[in-house]
Structure formats: structure tokens, C-alpha cells
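In: sequence and predicted structure are below.
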Amino acid sequence: MGVLALYRILCLAALSSGQDQQKCLPGGVPVANRKYIQNDEGSDISIGLLEGAWPSAELLSELLRILIGEALGYHVHIHEKLGANGASPIFALAGCINFDAPANAPLFEEKRCGINETKIHVSIDSWLGSFPAAYEAMKSSFPEIAPVDLGPIGYEGEESIYVSQTVLNAAYEHSGIALEYYKSYNVSHNNVKQYFDSLGDVSKNELKLCNTTDFNNPQRIGNYLLYTGDYDGVEVQPDGSYFAKCFDGYWWAAPACRQNTTECLPVISAGNGWRLQAIMHWVSVYGFPAAVGISDQWSDFVKHVENTRALHYWWVPDSTFIEMQPHQLTFPRHSRSEWLRGDKKSGAAGTYIANMVSSNLVSKASKVSEFVGNINFELQEVQDLLLEFRRTGNKFEVACRWINQLQERWKSWVPVETNCMPGFGMVAVNGSFVQRRDDAVSCYVCPAGTSSQEFRDDDGQSYRCAACEPGRSQANTYKTQCEPCPRGTMSDVWGSTGCQPCQQGFYQDSLASTSCTPCDAGRTTKILGAVGQEYCVCQVGSIEVNGQCMPCGTGIACPLGSTLKELATNKESNPELPHVEFGFKSEAASPLGTFRCRGSACPGGAPGSCSGGREGFTCGECPAQTYLLEEQCTSCNNSLAPIFAVGVMLFVVGCVVAYYASNSKYEPRATVIFCCIGAMSIAVALMQNIGVLGTIPLRWPESTTGILNVGAIFLLDLDGIGLNCLAAGSSGGYVMTVVLFAVAICVVPLLGVVSNCIPWLKRRKLNWKKPKVLSMTGNFMLMSFTTLASVGLIPFMCYEHPTGDFSVLKHPNILCGSGEHQSMQVVGALVMTVATLFCAYCFWGALVAPTYSGRDRLMTFYFLINRFRTWNVTPACPAPFGPSWRLASSGVCCSSSSCWACSCSLTRAVAVANMTRWCCTCKACRSRVSSSRTSRRSPGGCFRMPTSVPLSPWCRSCRATMCRRSRAPCTCSPASLRWRSAVPVAFGSPMRPSARTTAGPMRAPRKRRKRAQKTQ
């Protein structure tokens, strides 16, 4: 800011020292008291004037500079760059950087318009009429910055052919010919060539070649040919256009002297051929013996006009040839219609010359703008000033003399302080806007929220600022009227700078409204500023059906403004339109009735959409002859039947292998096969439970899809391997699943029957035994009980749809309560009956198993008791044994206080049992044993059995009657042995006596006895 202030002080000092010395008006405003205007950034700047590069613009710009500075009191300067042509003010006042570029050059790319704020604000003597197309293009492309035409300067510019005063006087004095009249040049009446120089008097080096000028302009030459028919004066081009035919490359000869060009008088123009088409029309139509040439440079043109007796192009006002006092040739009155269509044989029209200002000067310095609009000169007045300027060469003296001599003239241009222009209003001394002229001292631009209104009184016309009434607003300054609030907006206050848009839920279909109309109940608007009731749409969560807003319900996503038509036509699943949500489906015929789907079968979107080629109202099944594979319906092929056949064969083979590999004998310790079978059972149970979890209608992570599909197979969910190819529909698939399970249950009994029908197997005792077959069947049923229950419960597991209907969870395309569902329930009830009967069978087996000890029938329940063993546990013996008796793992009951030879240790009991292969009863020694030492010395005494102990569980015929102190154990007759264990055998088959037992005392081998005693 300090640098800027210093710069302004230096400029002010320079202006004061330079311009005060050339001060014109005695009572003019000093430089120090002059005002600045502000640019768009708020910085002070002076008013800029554009001076054209022609004498009249130079002189009038100087005159205007003095008046704006000294009479109006503003800082003003003339821009350092001159306007090169009449189109320059159009672009300079708009802020275009390259305003001297050709008039038809691109406004932005080449002229660089619309980039910076203009620093040039006023242009006088602007030849706007010569470039109407350029001015219209600027107003069209940049309407905000296009300059303002304040009206004519008071006269029109004139362009035509001129003849010098010298030639004019010579012809008149010699032959009385008036050369200022066009008919005087016709060769049929006069020979005017004698008063002019020949073509050779003009050097060709100072002329332009015809092919570099408008002689080669197809449009202008085409119009010339069209209206004159002079085919000899043109050349046809390959593309069918026409160029002028210059006989020597520099001069174009008119028809009157084309055969003898030495008789042609010279007609000289400049530039690229100013007024060339009109000049060619005039000399051809009116019989001029003339040849037209174009000077190469401006200096050449001035030289040719001043030093050659020739006709020449010129315009006024201008001081270039003013001392020669040339006269304009008079042609027929101008015909605007003929010139518009290209026929230019009539005289030229005057050129409109305007006073112009920049678009922002009106708001920055309205007084200056109004003053420029009031400027008015006469053509002869300007010509006289130009002649004086030509002679003195001092434009300041000429302008100052005129200002001082004609003060009444220019003071009439200065606006009255309270005569405000449109867009302004009267203000009081404190700067507030007033409505009466008596209270006003000046004018100021009307602010936003007001309009400039015209009024008249005794002092003339003026304007005042009035606040906008409710329903109207004005957002800009310098406006003459308030705009009515457009549709969709309202204003309920005075002096509004902008109308407020109607809020959501309201609309307004009228102009200049002070309020908005609410939408009907249940409706709102998508946008602010709704312009009609048709913009009132249904709220979020509701949809328009037949003009009414209805709740969308579960499974339908209804954004704001949803309609039934949009829902039905939302083929691309646009989330901004109403659509069916993921996991739901609705039919196109009734898009609002939704059904809940399982998994990703229903992608949502448009009604009727199913993923993977599925079909049905819940996308629950694949079409006929297809099956679901990796979430995609795949066509059935011939390879599925062999796959099922191979599966059945493998199952049969597995059953056969399982029968012969399983062991029916009791093993005190678990074998490898037993452990493998147990692990497999656990794995099968785990996969069944995983399959059950997969039936729960939850959205599982994608990473669990694979293991859930595998678990589904263990529940006989065989859709993924093509079960639909063997059955029709969901119910058919369910029945097929039950049939497969029933067949699997019957395979083992059927194989047992078949094996007993094969003699070869029976001879080798390989035929299947009934108890073991029943045990294998029970084992299969036990392992697949979860599957059995899951399959049986499928028809009884339903879930509810948003419509109130129920579907089977596993087969959602089947509605609960339908005939198809009832058929499935019958089948499911049968399956559950089988499961219940199996449970009852297991309970019954657990009850009767103890009574089957020692019998083959006990093998029937082998699947129940084979898995259970005890380790480091000594179960109690049942009655009639006392509490001191324990059941060893060998199945023998022993007493903890038994004799030494028959100790109840596990090793000893097994050893004795395996040695004798018959029952060795251990009973506590009674009174006959004298001492523990004696009993230890006599490890195997046999005593009379007490009568209180029943003999039936033991050796019925073994009734020892005496006690011997010998090393021989107690003996029983082998023939009388009968094993009838009263103990339920839960761990394998009971031991039986061998047929090879011999009579007489049996004793264990010596080494085995010692090992048993050591173990004790």
C-alpha cells in the first residue's frame, strides 16, 4: 500500500506540473481536486480515453480530455496505444488486450477479450457503422463487457470518390464541365481524360498487385459481376468463383477504356481496396474511362493524391487532404436495399460515428457517461477545427480555443447534478437516497434491492431509487426495475436482493409471489424451488400408485419421489430409483408384493430379477433339466447318471467292507480300526452339524460357502450334484432324497439276505449273521440320525414373507399349506416316524441288553455298547455278591479279601482264567485260615462254600467238602461246568470254558503264577 500511495503522489505531481501549465479553463478543477474512479478491486484509477489514429479522433479526444478533467473534475488520461482502425474502440472498451487485431479475428484466442478489466473507458469519433458485424459479435459473445453505444456524435462520416479542387476548377474553366457530378465522366458526352494524368504517371512500384487485394475477393467480385454482367472484367477460377482481371497485374480497367488503357484516368484507393466494389460499380455502370489501382503504403497513397491529377478515395471528417479542398462526387441517392443485396451503383450512405463508453463507466462515473452521450458536433465544424489543426499543428491550442469560445455549447452537455440517469437515484448530502429533488444534491447508482424509477418535474427528467416491493427483487446495482420472483421462489419483504426458493415440501407456480404453497399430506419435493404441484412427490419409504402414495413395505427400497412406473422400468437397477432390495423378489405383474429369498438367489433391482438363471417367485429352483452349480443353473448332461451309479456302487462296496472289517469280539483295549471308525463318526457328525448350520437363513461370509456346501451333502442336500436332473420340481427332489435315504438303510439288510442265499459263503461261514447285520444297520442309523431328523423336519420348517405367505425354508418356491407342501409333510411325517421308532428301539435295546449277556442276540445292540470302555475304574458286581466284590475287566468277579492264589488283581484274574478256561471263584478265607502267613504260604486253599452264597452263578457241581493245605487250586469237574454270569457284560463277549478242559486238578504254569504273584 505504501508503494501504491507513493506512485499516486508522483503521478499526481507529474500531472500537476505538466497539465497545470496547459490549463485551459480559467475556473477549471485543479488536478489536486480531481476525483478517481475505482476498479473492481477497489483501487483508484483515472478515466482512460482511446485516441484513434486519424486526425479527427486525435483532436476530439484532446478536447474531451480537457472537459472531463477541468469541467467535470475527474482524473483522465489518453491511452498510450492508438486505435488503428474504426473497429478498435469496440474491443478496447471491452478490455481486449490486442484490440487492434483484425475485426474478424477470434475474440478470445487472438484479441484476448474477457481476461482483464478494461483500463479504457471512453472513445469519441468511433466509426461503428463500418463494423456492425464486429459489434454484434462482441455483444453476443461478451454481453457483460461489450461497450455501450451512447448515440451519434452529431454527424455521419462520408466515404466516396473525390476530385481535387485544382482539377475541378480547370475542367470548369476550360469547358464548363462540372466534374463533381458523376454523369460528366461518361465518354459518350465528354472527354475528361485531358484534365487527368495517365496511368504511367503512377509508379507501379508504389502499387499493390491485384492478387494481394480485394480484387481477388470472390464475394465482392461475384456481386460486381452479378449486377453489371461485365464478364470481360473478371477471371473464372477453377472452383467457379471470380477474380478481377487486371490487365497488367496492377490496374483494373473499366469497360469504357478497356480496349485502350492509355485513355484511362487513374482512380486510386488504399488499404486492401477501400470501397473497391462500389468504385468498380460506379466507373462501369456510369461509363467512366477509368482504371482502378491500390497504393501500396499509406504514404504512397498520400503522395499519389497530392502529386497526381486523379480521382481518389477519401472520407470526412479528416484533415489529410483538407488543404486541397477536394470535392465529393455526387452519385444517385443511396439505396439501402440495393446495397444490402450487393448492388452498389447508387451513392454510398453516410457512416455512423458513435460516442462510446465502457460498460462499467455508467456505474463508476455516471456523470462522465452522460456527458459523453450529450456531445454533439457538426461535420463542417469538425472540418474547420481540423483545418486549423492542420495549419497550427497544436491540438491543445485548437481544442482550448474552441472550449473557451463556445462555453455555452459544451456546458449544455454537462448534466444537472440531480438529473440522474437510468440506473441512478438522487442522494442527499449524507449519501442517503431521497425521493424529492429538493432534498437531493447529486446522483448515485441504485444499490441491489432497489430500482431506478423515472419521474419528471419542473427541472426535467430524473430518476430515484425505490425499494423492491414484496414478490420482487433486484440482485444487481444500476437497474431500472425490480424483477418479479420467478416461479418456485418468493419474497415477503421490501427491498429484497434475491427471491428465496421454496423449501422442500412447498412449490410456487406463479410469478411475483410472496409465499409458497405446501404439498399435499405425505408428499414433498425433491428440490428447492419447485415450480408446480407436479413436483410434489411421495416421501422416502412410499411409492406413488394411481396418484396415491402408498407404503413400500419390506423388500422395496423407495427413495424420494418413487413411482410404480419407475419401479417397473428400473431395468438397470439404478439405486436412485425405486428397486427391489437384495434378498427379495417381486413379480412384474405385482411389483409391490415381495417375497423373501434365500442366500444370493435374488439380486434385487427390477421386479422379476433372479440370479444364476433361477426361476420361481423366490428364485428357489432351476428350470427343468438344469441344476444349481456354483450359484449358476447348469444344463444336465449324460455324465450325471453314471456319477450317481458309481456312488451307489461305492456305497454297496463300503457296506461289504465294513461288515467283514468290523470285529464282533470284545477287545479290552481299543484297536486301530476302532479308533479310525470312531474318528470317522465324529467327522461325519461334525459335517452334519455344519450342514444344519447352513440351513439357518443367515448371510454367511463368502469364505464359509465351500464348507457349508460340503456339510449340505451330509444332510442329503444333493441339488449341487444334479439331483434336480432326476426329479421334477422341489417336492420331487425332496421325495427323491427320502427315497435315497430309505434305499441306503435297506442296503445292509438286503445284502445280508443275499449273502445267506449264496452257498459258497455259507460253507465258508462268510454269510452275514443277523445280529451283526442289525448292528450295522443300527450303526448306520445312529451315524445318520442328524441327517434323518433334518430331512424329516424340512416340510415343517417355514418362514414368513412380507406378503404374509409362508414358504418352506429349504424349498422357498413351495408355499406352506399348498397341496404340494401337504404331500411333502406326509413324507416328512413318515421320516420322523422312522426316526422316532429308531429312538425307541435304542431305548429298548439298552434295557434288554443285560439279559442277553452270553448270547448271540447281544450282538444286535453292538452299535450301542461297543463304543464305551472304562479305564482305571472297577465296576461293582451285582447281587448276590457283597460290597467287597469287584468286576474285573475280564468279566470275573473277585473279592478284595480273597485267598492268595485267587487274588482279585486284573493280571492274576486274567491269567488264571486263561489258564483254566473256567471259573475260578475267589471267596474270602474264613475261620479255617489260621493266619495271613499261613494263607500266603498256602496260596490256593479250597474251602467249603458258605451256604449263603448261591452256587448257581458258579460251578454248580463243584462242592468242595474239605480244605487241604496243598498248592493245588480248588477243582471242579469239567463236565459239570455251566457258565451263567449274573454280571451284565458291557465290554465284549463273555469268556466261555474250553471244550478241551480235562478232569482233575488244573493249575497255572509255574512262571505264570510267579508273574501273577509279583504283579500283586
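Out: Cool, got the structure.
In: list the buried residues for the helix or strand where residue 381 lies?
Out: Secondary structure here is read from DSSP states H and E; on that basis residue 381 sits in helix 379-392. For helix 379-392, burial by neighbour count (16 or more other Cβ atoms under 10 Å) applies to 379, 381-383, 385-386, 388-390. All C-beta atoms are positioned from the backbone trio N, CA, C, and that covers glycine.
In: and stretch 358-375, by the same measure?
Out: Counting neighbours by 16+ other Cβ under 10 Å, one finds that the buried residues in stretch 358-375 are 358-373, 375.
In: related to what we said a few turns ago, any residues touching the helix holding residue 381, and which ones?
Out: Helix 379-392 has contacts (Cβ atoms under 8 Å, 6 or more residues apart in numbering) with 55-56, 59-60, 154-156, 158, 316-319, 322-323, 395, 398-399, 402.
In: now stretch 102-115
Out: Among residues not part of stretch 102-115, those counted as contacts by Cβ under 8 Å, 6+ apart are 85, 87, 90-91, 94-99, 101, 131, 133-134, 137-138, 141-142, 145.
In: of those residues, select the buried ones using a PyMOL command.
Out: Once 16+ other Cβ under 10 Å is used to decide burial, the buried members of those can be selected in PyMOL as follows:
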select buried, resi 85+87+90+91+94+95+96+99+101+131+134+137+138+142+145
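In: let me see the mean pLDDT of stretch 421-440.
Out: The average pLDDT within stretch 421-440 is 90.
In: any idea which element the residue lying closest to residue 857 once chain neighbours are set aside lies in?
Out: With Cβ to Cβ, 6 or more residues apart in numbering as the measure, residue 771 is the residue that lies nearest to residue 857, at 6.2 Å, once sequence neighbours are left out. Assessed by DSSP H and E, residue 771 sits inside helix 770-783.
In: now that helix: how far from the chain's centre is it?
Out: The gap between where helix 770-783 is centred and where its chain is centred comes out at 64 Å by Cα atoms, centre = their mean, to the nearest Å.
In: go through it and flag the buried ones.
Out: Along helix 770-783, the positions that meet the burial threshold by neighbour count (16+ other Cβ under 10 Å) are 771-783.
In: in the longest helix anywhere in the chain, which residues are buried?
Out: As assigned by DSSP state H, the longest helix anywhere in the chain is helix 819-848. For helix 819-848, a neighbour-count test (16+ other Cβ under 10 Å) marks 820-821, 823-825, 827-828, 831-832, 834-835, 838, 841-842, 845 as buried.
In: which other helices and strands does that helix contact?
Out: Under the contact definition 3 or more Cβ pairs under 8 Å, 6 or more residues apart in numbering; DSSP states H and E, helix 819-848 sits against helix 729-756, helix 770-783, helix 785-793, helix 862-865.
In: what two of the buried residues of helix 379-392 have the greatest distance between them?
Out: Of all pairs drawn from the buried residues of helix 379-392, the greatest distance, 16.2 Å, lies between 379 and 390 (Cβ to Cβ).
In: contact partners for residue 145?
Out: Neighbour list for residue 145: 94-95, 113-114, 118, 358-360 [criterion: Cβ under 8 Å, 6+ apart].
In: remind me, longest strand of the protein?
Out: Among all segments of the chain classified by DSSP state E, the strand with the greatest residue count is strand 148-163.
In: could you give the mean pLDDT of that one?
Out: Strand 148-163 shows a mean pLDDT of 92 in the predicted model.
In: mind listing the strands that strand pairs with, and their directions?
Out: As defined by DSSP bridges, the strand partners of strand 148-163 come to strand 311-316 (antiparallel), strand 327-328 (antiparallel), strand 351-357 (antiparallel).
In: that one: what's the following helix or strand?
Out: Heading C-terminal from strand 148-163, the first helix or strand you meet, by DSSP H and E, is helix 165-175.
In: on that earlier part again, list the buried ones in the longest strand of the chain?
Out: Here strand 148-163 shows 148-150, 152-153, 155-163 as buried, counting by 16+ other Cβ under 10 Å.
In: re the thing from before, ok, of the contacts of residue 145, which one's closest to residue 749?
Out: Nearest to residue 749, judged by Cβ to Cβ, of the contacts of residue 145 is residue 114 at 99.0 Å.
In: circling back: buried subset of the contacts of helix 379-392 as a ChimeraX selection?
Out: Provided next is the ChimeraX selection string for whichever of these are buried by 16+ other Cβ under 10 Å:
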select :55,56,59,60,155,156,158,316,317,318,319,322,395,398,399,402
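In: next, the buried residues of stretch 800-817.
Out: When burial is assessed from 16+ other Cβ under 10 Å, stretch 800-817 yields the following buried residues: 801-803, 805-816.
In: closest to residue 36 out of those?
Out: Closest approach to residue 36 among the buried residues of stretch 800-817 (Cβ to Cβ): residue 802, at 75.6 Å.
In: for that closest one, helix, strand, or coil?
Out: Put simply, residue 802 is coil when judged by DSSP: H, G, I helix; E, B strand; the rest coil.
In: confirm for me that it is in contact with residue 555.
Out: Yes: with contacts counted by Cβ atoms under 8 Å, residue 802 reaches residue 555, the gap being 5.3 Å.
In: joint contacts of the two?
Out: Taking Cβ under 8 Å, 6+ apart as the contact rule, residue 802 and residue 555 both touch 584, 594-596.
In: output the residues you listed in a markdown table; the columns should cover distance to residue 303 and pLDDT.
Out: Conversion of these to a markdown table gives the following (distance: Cβ to Cβ, whole Å; pLDDT from 0 to 100):
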| residue | distance to residue 303 | pLDDT |
| --- | --- | --- |
| 584 | 95 | 90 |
| 594 | 96 | 89 |
| 595 | 100 | 90 |
| 596 | 101 | 88 |
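In: restricted to strands, list those.
Out: Using DSSP E, the members of the shared contacts of residue 802 and residue 555 that fall within strands are 584, 594-596.
In: now render these as a markdown table, adding neighbour count and distance to residue 767.
Out: Conversion of those to a markdown table gives the following (neighbours: other Cβ atoms under 10 Å; distance: Cβ to Cβ, whole Å):
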| residue | neighbour count | distance to residue 767 |
| --- | --- | --- |
| 584 | 25 | 59 |
| 594 | 27 | 61 |
| 595 | 24 | 56 |
| 596 | 20 | 55 |
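In: quick check: which ranges of the stretch 201-350 of the chain have low pLDDT?
Out: The stretch 201-350 of the chain contains no residues with pLDDT under 70.
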